[in-house]
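> got a predicted structure plus its sequence, pasted below:
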Amino acid sequence: MNIPHIDYFGLKDEPFSTSPNPRFLYISPTHNIALEKTKWTIAARRGLAICFGVPGTGKTTLVRDLATRLEDDTTVSYVAITNPNFPTANQLLRAIIQEFEVGKTSKNYLELLNIFKEYLAEQAIKQNKNLVLIIDEAQTLKPPLLEMLRQLMNYESNDQKFLQVVLFAQEDFRKRLQHPRYTNLVNRVAMSSSIEPLSLSQTAAMLKYRWMIAGGQETTFPFTDDAIEQLFTYSKGIPRTQIILADNALLAAYLLQLRTVSADLIHQVVKDRGLPDAQPEPEPQSIKRNVRSEGGKTI
Ligand SMILES: Nc1ncnc2c1ncn2[C@@H]1O[C@H](COP(=O)(O)OP(=O)(O)OP(=O)(O)O)[C@@H](O)[C@H]1O
Ligand SMILES: [Mg+2]
């Protein structure tokens, strides 16, 4: 189905859809640092990397971007869990073992840990595989699940960790980790990074970037400087809020048969729809992976 305002502005795709599509990710300096630190932790097999950010700053989109990059690396097998809110550590471990296609199982939790430990050692030492576990929404992990992840990170040789764990979490997780019960986990963090809200100039760059990716031209970019300034102010630099308002403003411009989006139009949109909630609905449980079985199959 054609979307009228997309055609009106000469675009091929929706520029301001809220789905976490990595194709539309504008890599700000803090996104870039988070990505580089994470890639380094994985490549150097250093164990644990954590990336923090307030809601709507692009963590889930960055998870997908990272997964796409790891897809191209034949030495890496990764599993990405986007909603790790499992009731017990046993259930999370079972999901991890299943997704890595370990091929063995046990009803007993300690045996299950041993099975995974043997698998990790075999993959890392004999197959020289770099196994990566990416967890989004890590702030929802219950204490026993974090303790289990810490245990998994104990498996190592003199020069490498057998499992690299990358956690993406909202800022409140940082405070939670200050509790003494997490000291052992925190001590294992090789790299920690923070995705910051966008500045005014980064807001303009992000909106333009998405416009161009959607098939737009520089000359048809409709937002005036004043409109961008208002988007920045209303959103406090949060990209999710910016794109929701931008999307509404674009539709409003089409309905009024305007080619530009002014500051007044942004005020009108905020008046009509109110400011969007920074926090979206939780995502359904979903797991993505690229565990290659011996024939080199990618799943
Ligand atoms: N740097 C960016 N460039 C382009 N779009 C972005 C950027 N950051 C976020 N977005 C967009 O904002 C929306 C929200 O991003 P995302 O879901 O990745 O945020 P999040 O940090 O995971 O939020 P939450 O903490 O609520 O899970 C998505 O549509 C995403 O495409
Ligand atoms: Mg998210």
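Looks like it came in fine. Ligands and ions are numbered 1, 2, ... in the order given.
> surely Ile115 meets Lys104?
Yes: between Ile115 and Lys104 there is a contact under CB atoms under 8 Å: 4.9 Å. Using the backbone N, CA and C atoms, a C-beta is placed for each residue, glycine as well.
> neighbour count: those two, which is higher?
Set side by side, Ile115 and Lys104 show more neighbours around Ile115, with 18 against 12, by other CB atoms under 10 Å.
> pull the contacting residues for the more buried one.
By CB atoms under 8 Å, 6 or more residues apart in numbering, the contact set of Ile115 is 97, 102, 104-106.
> relative to Arg69, how far out is Val63?
11 Å (CB to CB, to the nearest Å).
> more crowded one of these two?
Using other CB under 10 Å, the more surrounded residue of Val63 and Arg69 is Val63, with 24 against 16.
> now that one: closest residue in space that isn't a chain neighbour?
Among residues not flanking Val63 along the chain, Asp136 sits closest, at 4.8 Å (CB to CB, 6 or more residues apart in numbering).
> how about Gln242?
Ser235 (4.5 Å).
> wait, the one you found touches Thr241, no?
Yes: between Ser235 and Thr241 there is a contact under CB under 8 Å: 3.7 Å.
> close to ligand 2, is the helix or strand where Ala252 lies?
Assessed by DSSP states H and E, Ala252 sits inside helix 239-255. No: Helix 239-255 lies out of reach of ligand 2 by CB under 5 Å from the ion, never closer than 9.2 Å.
> just stretch 195-202 next, same as before
No: using CB under 5 Å from the ion, we find that stretch 195-202 stays clear of ligand 2, coming within 10.7 Å at best.
> buried ones in that stretch?
195-198, 202 (16 or more other CB atoms under 10 Å).
> near ligand 1, which residues of the chain? Just list them.
Within the chain, the positions near ligand 1 by CB under 6 Å from any ligand atom are 18-20, 24-26, 28, 31, 53, 55-61, 170, 206, 210, 239-240, 243, 279-280.
> show only the entries of these found in strands.
Gly53 (DSSP state E).
> just the buried residues out of the residues of the chain next to ligand 1, in PyMOL syntax.
A single PyMOL command selects the buried members of those (16+ other CB under 10 Å):
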select buried, resi 20+24+25+26+28+31+53+56+57+58+59+60+61+170+206+210+239+240+243
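> hang on, isn't the residue nearest to Val63 packed against Ala67?
No: Asp136 is not in contact with Ala67 according to CB under 8 Å; the separation is 10.1 Å.
> who's more crowded, these two?
Between Asp136 and Ala67, Asp136 has the larger neighbour count (other CB under 10 Å), namely 25 against 19.
> show me what contacts the more buried one?
Contacts here follow CB under 8 Å, 6+ apart; on that basis Asp136 touches 59-60, 63, 80-84, 168.
> so what's the residue nearest to Ile3 when sequence neighbours are not counted scoring on pLDDT?
Spatial nearest neighbour of Ile3, chain neighbours left out: Glu14 (6.6 Å); criterion: CB to CB, 6+ apart. Glu14 is assigned 96 on the pLDDT scale.
> I'd like the numbering to begin with 58 instead of 1 from here.
From this message on, residue numbering opens at 58, which makes the last subject Glu71.
> can you count the residues close to Pro79?
Applying other CB under 10 Å, I find that Pro79 has 16 neighbouring residues.
> what's the closest non-adjacent residue to it?
Using CB to CB, 6+ apart, the nearest residue to Pro79 is Asp122, at 3.8 Å.
> quick one: that neighbour from Thr276, how far?
For Asp122, the distance to Thr276 - CB to CB - is 29 Å.
> cool, and Lys328?
30 Å.
> now swap in Arg245 and tell me
Distance, Arg245 to Thr276, using CB to CB: 51 Å.
> which of these two has more neighbours?
Per other CB under 10 Å, whichever of Arg245 and Thr276 has more neighbours is Arg245, with 16 against 6.
> report the contact partners of Thr98.
Thr98 neighbours (CB under 8 Å, 6+ apart): 104-106, 221, 223, 247-248.
> closest one of those to ligand 1?
Val223 (13.8 Å; CB to the nearest ligand atom).
> which residues does that closest one contact?
95, 98-99, 105-108, 123, 189-192.
> same thing with Leu242?
Leu242 neighbours (CB under 8 Å, 6+ apart): 105, 203-204, 206-207, 234.
> tell me the pLDDT of it.
At Leu242, pLDDT is 92.
> is it in a helix, a strand, or coil?
helix (DSSP: H, G, I helix; E, B strand; the rest coil).
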